[in-house]
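Undergrad: with the sequence up front, the predicted model follows.
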Amino acid sequence: MIVYRLAPTKFANDLTGEGARLYGGRWNHPGIACLYSSESRALAVLEYSVNTGADHIPPALSIITIETGTASIEEIPESALPSDWKSAPAPSSTKDFGSAIIKSSKTAVIKIPSAIITSEHNYLLNPTHPDAREFKILELTDFHYDLRIKE
């Protein structure tokens, strides 16, 4: 399967989930490594946009195309998510939910609905799962972020 990330170019080759481990995200607490990715480039840009203030967008960004190989995938239906899962900022219930799934290490890839467009999906890549060795960067493409998105 192919997934996409938008990230600062200086971190584009990093598949360790270190940023999410340091700062956490909607689906993980700090201390839990995770790579956030999306089913399309457009969704990756949208997710990045809602989670990054205009003043914090770096001048050098890259779209990262990742192949997950034969890594195992677990699909989480919307009905299984905490009732406040779309809240902003992300509530602790989603961080608890995702962290528990990632820590269980049952699967290397977790397919989960986007809180922005619920009919589209994000993929949480678990870099600590044995199947993470299947993750491979296929392409890095420079991305010019058009600040009109934030207007």
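TA: All right, it came through fine. Numbering: from 1, shown residues only.

Undergrad: which residues does Phe135 contact?
TA: Residues counted as contacts of Phe135 (C-beta atoms under 8 Å, 6 or more residues apart in numbering) are Leu15, Leu35, Ile66, Glu67, Thr68, Gly69, Ala71, Ala108, Leu125, Pro127. Bear in mind the C-beta positions are built from the backbone N, C-alpha and C, glycine included.

Undergrad: redo that, cut-off 7 Å
TA: Taking C-beta atoms under 7 Å, 6 or more residues apart in numbering as the criterion, Phe135 is in contact with Leu15, Ile66, Thr68, Gly69, Ala71, Leu125.

Undergrad: what's across from the last one in the sheet?
TA: Read it as Leu125. Assessed by DSSP bridges, Leu125 has beta-bridge partners Leu35, Val109.

Undergrad: which one among the contacts of Phe135 gets closest to Arg148?
TA: Among the contacts of Phe135, Ile66 lies closest to Arg148 (C-beta to C-beta), at 27.5 Å.

Undergrad: can you check the pLDDT for that closest one?
TA: pLDDT, Ile66: 98.

Undergrad: for the residue nearest to it when sequence neighbours are not counted, grab phi and psi.
TA: Closest residue in space to Ile66, ignoring its immediate chain neighbours: Val3 at 5.2 Å, by C-beta to C-beta, 6 or more residues apart in numbering. Backbone torsions of Val3, given as degrees, to the nearest 10, read phi -130, psi 170.
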